[in-house]
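# My questions concern the predicted model and sequence given below.
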Amino acid sequence: MGFRRFVENGRVVLITYGPLAGRLAVIVNILDENRVLIDGPTTGVARQVMPLKRVSLTDLMVPCSSHGIRTKTVRGLMESEEIERKWAESSWGKKLAARKRRAEMTDFERFEVMLLKKARNSAINQEMEKLKGSN
């Protein structure tokens with residue numbers, strides 16, 4: 001299985017560093033081997049140059065054949081391809097959403113989760129004991 005996530009125009013990237021970390025953007029132009037021009041009008045990312053070390057390439061793409069497409073065009077492509085919905089449904093997006101949810105939990109919510117886990121484990125252990133006893 002070969003490498004499939006190439007740095008190319010139209011590739012959706014996840015910003016991993018800085019104040020925009022966690023937001024999606026689209027590669028609009030490749031400046032050199034280290035920097036790309038990105039734009040994310042639907043996610044609040046202004047058009048800017050970003051080093052490749054600060055972004056992660058995703059499997060998502062928007063269909064654009066030319067370089068330097070306008071922000072209005074990027075917005076239309078992201079909305080027509082439903083990039084944010086596809087991202088939310090992906091396993092990577094779900095994992096980041098769950099991590100964010102856990103980080104925002106209050107002390108009481110963490111306590112409730114602990115009680116639910118204890119109840120689940122107790123039920124599992126009781127069933128396991130029944131199965132061991134029947135053998």
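Good, I have the coordinates. Numbering: from 1, shown residues only.

# Going by C-alpha atoms from here, please, whenever you check contacts or count neighbours.
Noted.

# Find the centremost residue of this structure, please.
Nearest to the geometric centre of the chain sits Gly93, at 3.5 Å (C-alpha atoms, centre = their mean).

# any idea how far Leu57 is from Met114?
Counting by C-alpha to C-alpha, to the nearest Å, the gap from Leu57 to Met114 is 35 Å.

# returning to that earlier point: what's the nearest residue to the residue nearest to the centre of the chain once chain neighbours are set aside sitting at in phi/psi?
Setting aside the residues directly before and after it, Gly93 is nearest to Trp87 in space (C-alpha to C-alpha, 6 or more residues apart in numbering), at 5.4 Å. With angles defined as degrees, to the nearest 10, Trp87 sits at phi -70, psi -40.

# go on, Thr43?
Here Thr43 shows phi and psi, under degrees, to the nearest 10, equal to phi -110, psi 0.

# That one and Gly22 touch, don't they?
No - under the criterion of C-alpha atoms under 8 Å, Thr43 is not in contact with Gly22, lying 9.9 Å apart.

# More neighbours: which of these two?
Gly22 (18 against 15; other C-alpha atoms under 10 Å).

# wait, what's in contact with the more buried one?
14-16 (C-alpha atoms under 8 Å, 6 or more residues apart in numbering).

# can you do 6 Å?
Gly22 sits next to 15-16 when contact means C-alpha atoms under 6 Å, 6 or more residues apart in numbering.

# what does Arg47 give?
Neighbouring residues of Arg47 by C-alpha under 6 Å, 6+ apart: 38-39.

# Which residue is the nearest non-sequential neighbour of Glu79?
Glu79 sits nearest to Thr42 (C-alpha to C-alpha, 6+ apart), 7.8 Å away.

# I appreciate the help and will end here.
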